[in-house]
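*Asks:* just coords:
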Ligand code: NAD
Ligand code: UGA
């Protein structure tokens, strides 16, 4: 089965970059990315490719190469569905904020809406690909909706979870560790559908890295991978607190431990806590699924990863208060970084939000500099918590375009995101402009202690 037209529903952090790379690597396939968000689609179509809505190193070049050739962004969802033989669903699957499973389960309403729209519009057979991260056995529900509300056409459901990390999305897509495709491999039609998707990836991914499994293994592998990655961060963060009490240094411990080839060195970087749209959401979802099967020990085991992460964010903030003589009321704290990691403008679940909220509750004034995050996003993140009025957030939090401006007359500077540019700032200038004693809190183990102490900073770093 040859694929000539692909439609992707959802032009977000996954849909946009993933489809841009597919279009770049498969010039003979027409790829149309659709979204209900008109503003987002307009930004993807902006004449100046630097204005696309997602910042990812290398992405604007890929978009520039393929857009208008075989890559299109549109709000005409029906036409794109109708035209395509293969439809990726790449919409958001956030944690439910209401009803049964509130705060734990994945909210599948956007997925269901897509399924109903596909069923309504389709007049020819379709391969529907789950690209969003979904609870295990969602494909069953999708198939049910498609078969029962459709026009009698045949649907094959595949699971093709995405493993890209933000900040390195293009690199991860072009050279993935593996591509995972789950399908109904026991039937001929199912096998054909799997092969059709394998053929798309085989344009650039070596065959031995394209893994095919049954649908349920594929769905569950995605949740498992994120849970394992987050667990490593929580494990090293748990050790960071012990390091601070014992004189050990978490970077040295991580290095020593990571050189054991059975453990490996990646994802052992201690931090102010993991953020991002997925780790917490996917683990909560895993916990919910385990509980729904009565597997309470399994649920508790994974929930601890989240509990540890919340503790890490809180203790970083509490340490700032304690160090600043037990009060930050009316004191100015400068934040360097707001994104949940470097090289992205994404702030979802960023540790910085929670640290700021804690300090604002202690009546601090906060000034924020982030090289890629817009002012309106920062206020939206704080408003979303509902901890205080929107007006108060704007009175007590200032967003600036210059890191030196942030540091001016601050009582403390806190590094919340590991942007490379923070390493080479003129730290003497920052020190000179600050109130004394000048406190510097490194939540990312980004800065060198010795040079900062030599300048006169009172320096605190996670895990040492
Ligand atoms: P996102 O919020 O950036 O994008 C989702 C898009 O879907 C939005 O633009 C939204 O307007 C659109 N949408 C929602 N309902 C729609 C509908 N009915 N019709 C058309 N468009 C609709 O989300 P994201 O970060 O791209 O994540 C998408 C999925 O991929 C999630 O399940 C997530 O868990 C998973 N995932 C994300 C990442 C990541 O790095 N962000 C990595 C791997 C997997
Ligand atoms: C993560 C996974 O790495 C991807 O494989 C997955 O596709 C994605 O989630 C998803 O499903 O959304 P992402 O959240 O974009 O990707 O970024 P990561 O590099 O995993 O970082 C997540 C958080 O953990 C960040 O806040 C980061 O700063 C933190 N982290 C990461 C650490 O604190 N220490 C580390 O050693 C690694």
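*Replies:* That came through, no problem. Just so it is clear, the structure is predicted and the values come from calculations on it, not from any experiment. Numbering: from 1, shown residues only. Ligands and ions are numbered 1, 2, ... in the order given.

*Asks:* Next secondary structure element downstream of the strand or helix carrying residue 406?
*Replies:* Secondary structure assigned from DSSP states H and E places residue 406 in helix 403-407. Counting by DSSP H and E, the next helix or strand C-terminal to helix 403-407 is strand 412-415.

*Asks:* That next one pairs with which strands, and in what direction?
*Replies:* strand 332-336 (parallel), strand 439-442 (parallel) (DSSP bridges).

*Asks:* next SSE after the longest one?
*Replies:* It stands for strand 332-336. Taking DSSP H and E, what comes next after strand 332-336 is helix 351-361.

*Asks:* Can you give me the buried ones in that following helix?
*Replies:* Residues 351-360 are the ones in helix 351-361 that count as buried (16 or more other C-beta atoms under 10 Å). Every C-beta, even on glycine, is put in place using the N, C-alpha and C of the backbone.

*Asks:* for stretch 295-307, same thing?
*Replies:* By neighbour count with 16+ other C-beta under 10 Å, stretch 295-307 contains the buried residues 299, 302-303, 305-306.

*Asks:* who touches it?
*Replies:* Under the contact criterion C-beta atoms under 8 Å, 6 or more residues apart in numbering, stretch 295-307 has outside partners 227, 230-231, 234, 280, 283-284, 286-288, 290-291.

*Asks:* repeat that for 7 Å
*Replies:* Residues outside stretch 295-307 that contact it (C-beta atoms under 7 Å, 6 or more residues apart in numbering): 227, 230-231, 234, 280, 283-284, 286-287, 290-291.

*Asks:* ok now it, how far from the chain's centre?
*Replies:* 21 Å (C-alpha atoms, centre = their mean, to the nearest Å).

*Asks:* nearest to ligand 1, of the strands paired with strand 412-415?
*Replies:* Ligand 1 lies closest, by C-beta to the nearest ligand atom, to one member of the strands paired with strand 412-415: strand 332-336, at 22.8 Å.

*Asks:* TSV for the buried residues of helix 351-361, including distance to residue 148 and pLDDT?
*Replies:* What follows is those, written out as TSV (distance: C-beta to C-beta, whole Å; pLDDT from 0 to 100):
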residue	distance to residue 148	pLDDT
351	44	98
352	45	98
353	41	98
354	43	98
355	48	98
356	47	98
357	45	98
358	48	98
359	52	98
360	50	98
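
*Asks:* ok so, going back, list of residues touching the helix holding residue 406?
*Replies:* 334, 336, 367-369, 400, 413, 425, 429-430, 433-434.

*Asks:* How about stretch 233-246?
*Replies:* Here stretch 233-246 makes contact (C-beta under 7 Å, 6+ apart) with 249-250, 253-254, 267-268, 270-271, 273-274, 305, 308-309, 312, 315, 462-464.

*Asks:* Those in helices, which ones?
*Replies:* 250, 253-254, 305, 308-309, 312, 315 (DSSP state H).

*Asks:* Flag every residue of the stretch 201-350 of the chain that's near ligand 2.
*Replies:* Neighbours of ligand 2 within the stretch 201-350 of the chain, by C-beta under 6 Å from any ligand atom: 226, 229, 233, 267-269, 271, 274-279, 340-341.

*Asks:* shaky segments in this protein?
*Replies:* Counting by pLDDT under 70, the chain contains no low-confidence residues.

*Asks:* Would you map the strands across it?
*Replies:* For the chain, strands defined by DSSP state E occupy the ranges 5-9, 30-34, 71-74, 86-89, 126-130, 155-159, 179-182, 210-213, 332-336, 365-369, 397-399, 412-415, 439-442, 458-461.

*Asks:* want to try a markdown table for those, with distance to ligand 1 and mean neighbour count as columns?
*Replies:* As requested, these are exported to a markdown table (distance: least, C-beta to the nearest ligand atom, whole Å; neighbours: other C-beta atoms under 10 Å):
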| stretch | distance to ligand 1 | mean neighbour count |
| --- | --- | --- |
| strand 5-9 | 5 | 25 |
| strand 30-34 | 6 | 25 |
| strand 71-74 | 11 | 22 |
| strand 86-89 | 9 | 26 |
| strand 126-130 | 9 | 25 |
| strand 155-159 | 12 | 24 |
| strand 179-182 | 12 | 24 |
| strand 210-213 | 16 | 17 |
| strand 332-336 | 23 | 26 |
| strand 365-369 | 22 | 22 |
| strand 397-399 | 22 | 19 |
| strand 412-415 | 23 | 26 |
| strand 439-442 | 25 | 25 |
| strand 458-461 | 27 | 19 |
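
*Asks:* These: which one's closest to residue 347?
*Replies:* Among these, strand 365-369 comes nearest to residue 347, with 10.8 Å by C-beta to C-beta.

*Asks:* Just want the residue of the stretch 351-464 of the chain that's nearest ligand 1.
*Replies:* When scored by C-beta to the nearest ligand atom, the stretch 351-464 of the chain has residue 377 as its residue closest to ligand 1, at 12.9 Å.

*Asks:* Quick one: neighbours of the nearest residue to that residue once chain neighbours are set aside, just the number.
*Replies:* Leaving aside its chain neighbours, residue 377 sits nearest to residue 347 (5.7 Å; criterion: C-beta to C-beta, 6 or more residues apart in numbering). If you count neighbours by other C-beta atoms under 10 Å, residue 347 ends up with 23.

*Asks:* do the same with residue 293
*Replies:* Applying other C-beta under 10 Å, we find 9 residues neighbouring residue 293.

*Asks:* so how far is residue 198 from it?
*Replies:* Distance from residue 293 to residue 198, counting by C-beta to C-beta, to the nearest Å: 32 Å.

*Asks:* Ok, residue 298 next?
*Replies:* Distance, residue 298 to residue 198, by C-beta to C-beta: 32 Å.

*Asks:* who are the neighbours in contact with residue 256?
*Replies:* Going by C-beta under 7 Å, 6+ apart, residue 256 touches no other residue.

*Asks:* if we can go back for a sec, now, which of the contacts of helix 403-407 sits nearest residue 81?
*Replies:* Using C-beta to C-beta, residue 368 comes nearest to residue 81 of the contacts of helix 403-407, at 41.2 Å.
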